[in-house]
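Peer 1: got a sequence here, can you model it:
(one chain, ligands or ions: 1)
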Amino acid sequence: MAVIEVSGLRKSYGAVEVLRGVSFAVERGEVFGLLGPNGAGKSTAVECVEGLRRRDGGRVRVLGLDPERDGAAVRRVVGVQLQQARLQERIRVREALELYASFYDDPCDPGELLEEWGLAGQAGVRFGRLSGGQQQRLFVALALVGRPRVVFLDELTTGLDPQARRAAWDAVRRVRDAGVTVVLVSHAMEEVAALCDRAAVLHGGRIVACGSPQELVAGVGATVSFRPSGPLDEAVLAALPGVRRVSREGGTVTVSGVGAVVDEVTGHLARLGMVVTGLRIEQAGLEDAYLALVGGAR
Ligand SMILES: Nc1ncnc2c1ncn2[C@@H]1O[C@H](COP(=O)(O)OP(=O)(O)OP(=O)(O)O)[C@@H](O)[C@H]1O
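Peer 2: Numbers count the residues shown, from 1 in each chain. This is a model prediction of the structure:
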């Protein structure tokens, strides 16, 4: 069941149309990534879904509710970690969590959240004295305190050290395993590859690709090169599914293509009983896929 349904979402700021018909759906219990260049409109789209911003057109539903019409009901089931947020400088970490917990009928235990997000040692520290990474983790904990069914995390691990980043990923997986749907706005491809079940790329006001990290990468391709031990018909290689190009330089054959091209080529060689040396496989990564989609250099 789709927990979030967005179709034909439009939003302009003055004369600038930022969202020009954005459509995607997020299924229950998945971690869904939203990617795109700076200024692509990711925060704008997410804020329209959260009910924090009014859309100009299109349809948005969160658990069947319209965030504009049913704002209060949506806020009860949604948790939001904003990219740039502030709290009162003097409020202590535990007080902030307890305050937010008091807004809900059945909140999480603040102590457990402090442990989960590595803040137990800062429980008595004032917000203004926290490091950037500690503030970041506190905002995630605050987004989760009301036991949301959908949580939006905007640049979850920006500014976190590698250890805290891994801990945050594990914590997000536990949130997902508890049945919560997670929307993750991110520029960190490693994070998207590690955490997201599916991701959408927003560019030019529209979703230009949507799929699992593997599916996004499959569209970009891979290169297999090797030295065959005997004669090899290049035309047969060129006709394999997904193969785009076959070239030979000296004794080395290079095959590039998309989809399952690596499996196709190695399977073909195995069927021929062909022994090869110097086998090299270069698989495109999610960052290559992303850059190909948004027009960056590879
Ligand atoms: N309140 C606003 N008034 C006018 N323009 C705005 C407003 N909010 C955002 N914009 C503009 O809309 C565009 C999309 O901004 P948005 O913050 O949604 O992008 P983003 O994809 O989240 O970017 P980033 O990756 O840098 O966080 C930008 O050009 C931004 O300057």
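
Peer 1: from now on I want contacts and neighbour counts done on CA atoms only, so please keep to that.
Peer 2: Noted.

Peer 1: which non-adjacent residue is nearest the residue of the stretch 101-250 of the chain found nearest the ligand?
Peer 2: The minimum distance from the stretch 101-250 of the chain to the ligand, using C-alpha to the nearest ligand atom, falls at His187 (7.3 Å). Counting by C-alpha to C-alpha, 6 or more residues apart in numbering, His187 lies nearest to Leu35, which is 6.3 Å off, once chain neighbours are set aside.

Peer 1: what parts of the chain come near the ligand?
Peer 2: For the chain, the contact set with the ligand under C-alpha under 6 Å from any ligand atom comprises 13, 18, 37-44.

Peer 1: from those residues, pick the one nearest Ala143.
Peer 2: Within the residues of the chain next to the ligand, distances to Ala143 taken as C-alpha to C-alpha reach their minimum at Ser43, with 16.0 Å.

Peer 1: in a strand, that closest one, correct?
Peer 2: No - Ser43 is assigned helix when assessed by DSSP: H, G, I helix; E, B strand; the rest coil, not a strand.

Peer 1: gap between Gly295 and Ala289?
Peer 2: 10 Å (C-alpha to C-alpha, to the nearest Å).

Peer 1: more neighbours: which of those two?
Peer 2: Ala289 (24 against 10; other C-alpha atoms under 10 Å).

Peer 1: contacting residues around the more buried one?
Peer 2: By C-alpha atoms under 8 Å, 6 or more residues apart in numbering, the contact list for Ala289 reads 216-217, 219-220.

Peer 1: helices - which of those land there?
Peer 2: Secondary structure from DSSP state H places 216-217 of the contacts of Ala289 in helices.

Peer 1: what's the closest non-adjacent residue to Ala2?
Peer 2: Closest residue to Ala2 apart from its sequence neighbours, by C-alpha to C-alpha, 6+ apart: Glu27 at 4.2 Å.

Peer 1: how close does that neighbour get to the ligand?
Peer 2: Distance from Glu27 to the ligand, counting by C-alpha to the nearest ligand atom, to the nearest Å: 22 Å.

Peer 1: mind listing what that residue touches?
Peer 2: By C-alpha under 8 Å, 6+ apart, the residues touching Glu27 are 1-4, 181.

Peer 1: who wins for most neighbours among those?
Peer 2: Among these, Thr181 has the most neighbours (other C-alpha under 10 Å), with 25 neighbours.

Peer 1: need the per-residue pLDDT for it.
Peer 2: With respect to pLDDT, Thr181 scores 97.

Peer 1: before we move on, the earlier item: will you turn the residues of the chain next to the ligand into a markdown table that also has neighbour count and pLDDT?
Peer 2: Formatted as a markdown table, those follow (neighbours: other C-alpha atoms under 10 Å; pLDDT from 0 to 100):
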| residue | neighbour count | pLDDT |
| --- | --- | --- |
| Tyr13 | 9 | 96 |
| Val18 | 22 | 97 |
| Pro37 | 16 | 92 |
| Asn38 | 10 | 92 |
| Gly39 | 12 | 93 |
| Ala40 | 18 | 95 |
| Gly41 | 22 | 95 |
| Lys42 | 23 | 95 |
| Ser43 | 17 | 92 |
| Thr44 | 20 | 95 |
